[in-house]
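In: sequence unavailable; structure follows:
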């Protein structure tokens, strides 16, 4: 199975899903014109990956901002990881947020309450000018 790699843009996050290491990354901003179109290949990739997953899967989410339509799609991504965990594999979501970004912390906490996957909240130092 091939890794999924998408370069980030001002409106879409950087995506790197590696089936060999089980390391999945979603970083940047998520305000695509059409969230469903953007996230569909990610969800399809996870569904395919879930047939023969790595024993350990870690999804790193480090979004500085996402819009409402992205939030539903991100939830769908998390939901596709649940069967991997149900099958006895280790799955963790690592939710990165900046110290002064309470909204992003709350969003992570909200997701962790909905999804049956362990969440780790990781506070990151503020990055000046990217």
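Out: Arrived safely, thanks for sending. What you see is a predicted model, and the numbers here were worked out from it, not measured in a lab. Numbering: from 1, shown residues only.
In: just give me the longest strand of this structure.
Out: Ranked by residue count and defined by DSSP state E, the top strand of the chain is strand 56-66.
In: and the next helix or strand past that strand?
Out: Counting by DSSP states H and E, the element after strand 56-66 in chain order, helix or strand, is helix 68-86.
In: report the buried residues of that next one.
Out: Residues of helix 68-86 classed as buried: 69-71, 73-74, 76-78, 80-81, 84-85 (neighbour count, 16 or more other C-beta atoms under 10 Å). C-beta here means a position set from N, CA and C on the backbone, and glycine is covered the same way.
In: show residues contacting the longest strand of the chain.
Out: With contacts defined as C-beta atoms under 8 Å, 6 or more residues apart in numbering, strand 56-66 is touched by 13, 22-31, 74, 77-78, 81, 84, 89-96, 98, 101, 104, 107-108, 124.
In: from the buried residues of helix 68-86, pick the one nearest residue 8.
Out: residue 70 (13.3 Å; C-beta to C-beta).
In: mind pulling up the pLDDT for that closest one?
Out: At residue 70, the predicted lDDT confidence score is 98.
In: what sits closest to it if chain neighbours are left out?
Out: Counting by C-beta to C-beta, 6 or more residues apart in numbering, residue 70 lies nearest to residue 30, which is 4.0 Å off, once chain neighbours are set aside.
In: same thing with residue 73?
Out: Nearest non-adjacent residue to residue 73 (C-beta to C-beta, 6+ apart): residue 39, at 3.7 Å.
In: a helix runs through the one you found, doesn't it?
Out: Yes - under DSSP: H, G, I helix; E, B strand; the rest coil, residue 39 sits within a helix.
In: count of neighbours near it?
Out: 23 (other C-beta atoms under 10 Å).
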